[in-house]
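> only geometry, no sequence info:
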């Protein structure tokens with residue numbers, strides 16, 4: 001059973017940076033496609049970024065392109081999300097999610113069977 005644990009959340013001022021990590025245990029992470037989602041209070045969980053299992057191809061939601069970077073280190077069983085130029089509207093709980101195949105449905109939260117517990121990111125203005 002794959003288990004995911006996020007770390008690295010916190011409070012930062014607008015324009016600042018944070019780095020989130022998603023560390024896997026229980027299975028070899030390299031065979032999994034991984035996404036980050038975020039959920040603000042009272043809102044649906046929304047797609048942020050994705051890295052595929054094969055070729056580590058990356059995809060981003062439009063509002064974070066050029067500011068966020070997703071990367072994976074298979075040797076460390078970790079997928080990271082670097083958040084730069086943060087804005088107050090980036091405030092949310094950030095979740096990593098994984099599935100054991102690549103598919104065009106990577107933006108859908110329903111497509112993932114493994115989730116971390118979430119990491120709070122708060123950006124003050």
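Received it, and whenever you're ready, just let me know what you need. Note that this is a predicted model, so its numbers are computed, not measured.
> ok now do the residue positioned nearest the centre of the chain, which residues does it touch?
Closest residue to the average C-alpha location of the chain: residue 36 at 2.3 Å, with CA atoms, centre = their mean. Contact analysis of residue 36 by CB atoms under 8 Å, 6 or more residues apart in numbering lists 20, 22, 48-50, 70, 79, 81, 94-97. Any C-beta I mention is one placed from the backbone N, CA and C, and that applies to glycine too.
> Recalculate using a threshold of 6 Å.
48-49, 81, 94, 96 (CB atoms under 6 Å, 6 or more residues apart in numbering).
> residue ranges of the strands in the protein, please?
For the chain, applying DSSP state E gives strands covering 3-7, 10-13, 18-25, 33-39, 46-51, 58-60, 68-73, 78-83, 92-99, 114-115, 119-124.
> got the angle between the last one and strand 92-99?
Meaning strand 119-124. Orientation note: strand 119-124 sits at an angle of 150 degrees relative to strand 92-99 (axes from the mean of the first three to the mean of the last three CA atoms, to 10 degrees).
> ok, residues contacting strand 119-124?
So strand 119-124 is contacted by 6, 9, 11-14, 20, 86, 88, 90-91, 93-94 (CB under 6 Å, 6+ apart).
> same deal with the third one?
Contacts of strand 18-25 from elsewhere in the structure, counted by CB under 6 Å, 6+ apart, are 2-8, 12, 77-83, 94, 96, 116, 119.
> among these, which ones are buried?
Those of these that meet the buried threshold are 2, 4, 6, 8, 12, 77-81, 83, 94, 96, 116, 119, by 16 or more other CB atoms under 10 Å.
> And those residues, which two are furthest apart?
2 and 12 (29.4 Å; CB to CB).
> re earlier: the contacts of strand 119-124, buried ones only, as a ChimeraX selection?
Selecting only the buried entries of those in ChimeraX, with 16+ other CB under 10 Å as the criterion:
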select :6,9,12,20,86,90,91,93,94
